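**Student:** Build the 3D model from these lines:
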Amino acid sequence: MATTAATREPAQDVFHIQSVQKDWGPIVHYRPAVSSSSRLVATASGRSIKIFSTVSGKLLQEHFHHDCKVVGVQRSSAREDEFVSCDEAGTVCFWSMQTKEAKKFNLSPSSNQKSVVVSFNPFDEDRQLLLLVHKKGFKTGHLFSCAAPYSTKLPTLLSKSVELGVNKASVVVSSKGEHVAFIYRRGLIILTKDSKLGKERVRQIHMVGERPLTCLAFHPNQPVIASGDVTGRIVLWYDICNKRPIRKQLHWHEMPVADLAFSALGNELYSGGSENVLVKWQLSSESHYFLPRLGLPIKFITTDSKNNLVITAHLDNALSIISARDFKKQGTIQGLSMNTESKNSFPAGLTYDPCTRSLILNGRTGHVQFYDPHHSRQLYHLDITMSNYYSQERHQRIQNTEVEHVAMSRDGLRLATAEFRQDLETSVEIRLKFWHFKEEDQSWYLNTSVDLPHQKRINNITFQPTPTPGQLAPLCVSCGDDGKFKIWEEEDASDIYGTKSVWRSTGVGFYRHLPATAVRISPDGSLLAAGFDSILTIWIPQSCQLKGTLSQPYLTEPLQQVEFGNSEGCWSVAITRTHRWVCAWDLFTCTLSWRVSVMSSCMAVDPLSSYMAVFSEAGSVYVFEPHSSELVACQQGTSKSRPTSAAFVPRVKASDSCAVWNEKSSLMYITEDQTLQSVEVMADLNSANDKIAGRVRQLVHHSEASVAPTPFAALIAKTRTALTPEEKVGQVGTASHGVQVEKSSALLQQVLSEARVYHLDSFAALATEFCKMVIPEAVTSEEKQTEIEMDSQLKEKVNSEKKKRKRLMKEKKNDLKKVAESDFSDLLKALAL
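**Tutor:** Numbers count the residues shown, from 1 in each chain. Below is the predicted model:
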């Protein structure tokens, strides 16, 4: 059909995709601050400051006073209800919770964009500030002093040799500001203000032995400093103005001391580290008390001004509220729990729980957490490994058991988990556990635990979506590096003591001794797709009978994911994902329908529609349907961090989404920086319709100007464009009939590059005609070509007949008009005669 893009109207509805954070974010990267009333605690989280209740643990307020990352928040010493916060750019804000007004001061000591503020310390009733700045090219930090009024006086450089570590407690200042102490390599530097000379005097004290310092704390009323080192030793430095101060040692910790904090009166000293134990030292009586099993290792310790609470920040993104008087844990403020021991904090990915409408993902080590993304809160933890957490040792790394895979049945009543532990010293631990949910008490119970279900690591587990008649429960399939997949079925094991069931292996499948990398069962439960290295195999799950194999010689990467479409028209299409390819296989014809080259990291399937989504390594998202390689929606650079897992979550209430694919379910993903994001589609009022129409005309002009024997050759000749290293997207083709089409969606994607997302209803005509004209389908028969030509001729004939009828009607109207305007007086006279 010869239809030019210039005659078409541009798209009326243009939308764009954006990511919305669904969790609180990290709340333990910096030391929390407790209000003067001890009822509130403030934490720095990204660009915002979150206020929690110490009684209920709920998020009460969130303040956005900064334009970049906040590096700390502290309670103001001048006013009771005021806080002070600072960001990386050096902007200091004084703000109140009641009035929500903020006074901002830009204290950036350097115009260099590569310099960032690491920490800050207000003192002398907020009349002075210390800024620790890290400049590019320097291994140590620069310490600056700022005095009020901040906007007129330039910062004063105090030192260029401040040690930069993970703990931001490397710089401390006394309550009145006479002394400033910081860590320098293996020594301690104290800057003491000399009232006679009116300037700073430097005193450097070296430690004895090879024991680098890790943290510091100043006594609230006396010139006493507490320091912790890498060996777990705590040293109290008395009379620090002398050349040889008195030192007192306190030693209990096996691992490095993470943080220290004095009580409000200075009678107690609190310490914590990787042992997950908070230690309280009574300085007067030289006794100490322990509060064990607080969770993961302690990162920060904060005390309040009334000696009521002690708050500890842990590596799993949790705050523990502890009573200072009873020395007992009162509650927990839990964000999205994280596992810091492995490179991938969420190896089990995202799994949707229909009962609680929450996401199941890894929590603290050996646990899974149920997180409600609709209300941004954690519901509860489930202990999977049922073993104590082993804290690390100084000279040896202890390997804890990790939960690597999670699968949930469609009804939400059965859960399967896979555990793995290997320390290369003892035998490998592999367990497959089946859990049942009891609706009476809303709790999970372990039904069956299988040791060594596979001889090697488990790669994937999945449940049968729809049980076949006669089954007690849906089947479960697991696969591993031992080259086998196993069918697990729940069987009745009732006896005289009661009704019960147990899971047993009822079938095993293997293919050419290749590792089984991925498995998935079709929505109707009749077919099992198993990936053995780069080969896709189709089986009957009940009998483990092999029905066919699908492969191509140029597809050699191992399969990482296998998915089926969820709509009726997509059940016969299997989508496979490798590191560089996304392919669609037609199970009826046993052929490769299409393939797309993309450096992907994860893929998700919508349980309520036919849509799927693929995330690239560079953080871009692509939405499509299994029967076609054409993109429904795409967005480049949705996430700055690499997505590791994704899932479609059904919406709780009606959506105001502007896109059809985003109406029923919300696409959520987790990133490497441990944040949970949601992909949302928003309307763009400033649409770029003119740019899109111009781009279409330009592409059509280029395609018509090219001379090639076939449409495929023309497409290949005009779409060989260089892509950026981060986004290797563009190769779409087919091997069904021996023809490969490169970048068959590249032209359409260039059209979509301006506004990124288009509503299918409004853009359907433009996209369809454009694809037919410039991007023909890979598999086209002669009958279809003939049918298209006949339709075109019929439309032209109908149009010509319409034009002819319009012309005749116009001529008749003109004749009648002439008759009505004619003068018949002569004729009447003649008739009268």
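**Student:** So which residue is dead centre in the chain?
**Tutor:** I670 (2.3 Å; C-alpha atoms, centre = their mean).
**Student:** For the stretch 651-800 of the chain, give me the ranges with low pLDDT.
**Tutor:** Applying pLDDT under 70 to the stretch 651-800 of the chain picks out residues 656-658, 683-787, 790.
**Student:** hmm, 80 instead?
**Tutor:** 654-659, 682-800 (pLDDT under 80).
**Student:** go on, the stretch 51-200 of the chain?
**Tutor:** For the stretch 51-200 of the chain, the stretches flagged by pLDDT under 80 are 77-81, 97-101, 107-114, 124-127, 136-139, 148-154, 161, 164-169, 185-186, 193-200.
**Student:** can you pull out the strands in it?
**Tutor:** 59-63, 70-75, 82-87, 91-96, 102-106, 116-123, 128-134, 141-147, 156-162, 171-173, 179-184, 187-194, 199-206 (DSSP state E, counting those that start in this stretch).
**Student:** which helices and strands sit right next to the fourth one?
**Tutor:** Okay, so that is strand 91-96. strand 82-87, strand 102-106 (3 or more C-beta pairs under 8 Å, 6 or more residues apart in numbering; DSSP states H and E). C-beta coordinates here come from the backbone N, C-alpha and C atoms, glycine included.
**Student:** Which one of the strands of the stretch 51-200 of the chain lies nearest to E489?
**Tutor:** When the strands of the stretch 51-200 of the chain are compared by C-beta to C-beta, strand 59-63 sits nearest E489, at 44.3 Å.
**Student:** Could you tell me the angle between the closest one and strand 102-106?
**Tutor:** Per axes from the mean of the first three to the mean of the last three C-alpha atoms, to 10 degrees, the angle that strand 59-63 makes with strand 102-106 is 50 degrees.
**Student:** And C544, how close does it get to P453?
**Tutor:** According to C-beta to C-beta, to the nearest Å, C544 stands 16 Å off from P453.
**Student:** how far out from the middle of the chain is stretch 256-267?
**Tutor:** Relative to its chain's centre, stretch 256-267 lies at 35 Å (C-alpha atoms, centre = their mean, to the nearest Å).
**Student:** averaged over its residues, what pLDDT does that stretch have?
**Tutor:** Per-residue pLDDT values over stretch 256-267 give a mean of 94.
**Student:** Take the strands of the stretch 51-200 of the chain and write them to a markdown table, including mean neighbour count and distance to P297.
**Tutor:** Shown next, in a markdown table, are the strands of the stretch 51-200 of the chain (neighbours: other C-beta atoms under 10 Å; distance: least, C-beta to C-beta, whole Å):
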| stretch | mean neighbour count | distance to P297 |
| --- | --- | --- |
| strand 59-63 | 15 | 24 |
| strand 70-75 | 23 | 20 |
| strand 82-87 | 23 | 26 |
| strand 91-96 | 20 | 31 |
| strand 102-106 | 14 | 34 |
| strand 116-123 | 23 | 20 |
| strand 128-134 | 22 | 24 |
| strand 141-147 | 22 | 24 |
| strand 156-162 | 16 | 24 |
| strand 171-173 | 22 | 21 |
| strand 179-184 | 22 | 20 |
| strand 187-194 | 17 | 24 |
| strand 199-206 | 12 | 29 |
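**Student:** Could you list the domains of this protein?
**Tutor:** 24-162, 199-335, 336-523, 795-832 (automatic domain parsing).
**Student:** which one of those lies closest to T556?
**Tutor:** Closest among those, using C-beta to C-beta: domain 336-523, at 12.2 Å.
**Student:** and the closest one, average pLDDT?
**Tutor:** 92.
**Student:** measure it end to end?
**Tutor:** End-to-end span of domain 336-523 (C-alpha to C-alpha, to the nearest Å): 31 Å.
**Student:** Work out the gap between it and the centre of the chain.
**Tutor:** Distance, centroid of domain 336-523 to centroid of chain: 22 Å (C-alpha atoms, centre = their mean).
**Student:** try stretch 57-72
**Tutor:** Its chain's average C-alpha position is 20 Å from that of stretch 57-72, according to C-alpha atoms, centre = their mean.
**Student:** can you map out the helices along the protein?
**Tutor:** In the chain, the helices defined using DSSP state H lie at 689-705, 711-718, 746-751, 760-774, 782-821, 825-832.
**Student:** can I get the strands of the stretch 51-200 of the chain in TSV with distance to V41?
**Tutor:** Below are those laid out as TSV (distance: least, C-beta to C-beta, whole Å):
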stretch	distance to V41
strand 59-63	10
strand 70-75	10
strand 82-87	11
strand 91-96	16
strand 102-106	19
strand 116-123	18
strand 128-134	22
strand 141-147	26
strand 156-162	27
strand 171-173	21
strand 179-184	26
strand 187-194	30
strand 199-206	34
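**Student:** mind checking which of those is nearest K486?
**Tutor:** Short answer: strand 59-63, nearest of the strands of the stretch 51-200 of the chain by C-beta to C-beta, at 44.0 Å.
**Student:** Check which residues of stretch 511-518 are buried.
**Tutor:** By 16 or more other C-beta atoms under 10 Å, the buried positions in stretch 511-518 come out as 511, 514-518.
**Student:** show me what contacts the closest residue to H63 other than its chain neighbours?
**Tutor:** Spatially, and ignoring its direct neighbours in sequence, H63 is nearest to I49 (4.6 Å; C-beta to C-beta, 6 or more residues apart in numbering). Contact partners of I49, counting by C-beta atoms under 8 Å, 6 or more residues apart in numbering, are 42-43, 62-63, 65, 70, 73, 83, 85.
**Student:** Ok, S678 next?
**Tutor:** By C-beta under 8 Å, 6+ apart, the neighbours of S678 are 19-22, 373, 666-668.
**Student:** so E429 sits right up against A418, yeah?
**Tutor:** No - look at E429 against A418 with C-beta atoms under 8 Å: they stay out of range, at 11.2 Å.
**Student:** quick one: which of those two has more around it?
**Tutor:** A418 (27 against 16; other C-beta atoms under 10 Å).
**Student:** Is the more buried one in contact with H454, as I believe?
**Tutor:** No - at 9.1 Å, A418 and H454 do not qualify as touching, with contact defined as C-beta under 8 Å.
**Student:** Now for the two: what residues contact both?
**Tutor:** Residues within reach of A418 and of H454 at once, by C-beta under 8 Å, 6+ apart, are 430, 478.
**Student:** hang on, the earlier thing: the domains of the chain: which one's closest to V652?
**Tutor:** Nearest to V652, of those and by C-beta to C-beta, is domain 336-523 at 5.3 Å.
**Student:** re earlier: neighbour count: C544 and P453, which is higher?
**Tutor:** Between C544 and P453, counted using other C-beta under 10 Å, the more crowded position is P453 (20 against 16).
**Student:** what about the closest residue to that one other than its chain neighbours, how many neighbours?
**Tutor:** Ranked by C-beta to C-beta, 6+ apart and with sequence neighbours excluded, the top spatial neighbour of P453 is L432, at 4.1 Å. Neighbours of L432 under the rule other C-beta under 10 Å: 25.
**Student:** For C479, see how far away L432 is.
**Tutor:** Counting by C-beta to C-beta - L432 and C479 are separated by 11 Å.
**Student:** what's the overlap in contacts for those two?
**Tutor:** 458, 461.
**Student:** out of the contacts of S678, which are buried?
**Tutor:** 19, 21-22, 373, 666-668.
**Student:** and the two most separated of these?
**Tutor:** That would be Q21 and L667, which, of the buried ones among the contacts of S678, are the farthest apart (C-beta to C-beta) at 13.9 Å.
**Student:** thinking again about what came up before, OK, contacts around the residue nearest to the centre of the chain?
**Tutor:** So I670 contacts 346, 349-350, 361, 643-646, 676-677 (C-beta under 8 Å, 6+ apart).
**Student:** Report the two of those residues separated the most.
**Tutor:** Checking the contacts of I670 against each other with C-beta to C-beta, the farthest-apart pair comes out as G349 and Q677, at 14.3 Å.
**Student:** picking that back up, just the buried ones among the contacts of S678 now: which is nearest D259?
**Tutor:** For these, the minimum distance to D259 (C-beta to C-beta) is 27.3 Å, reached by Q21.
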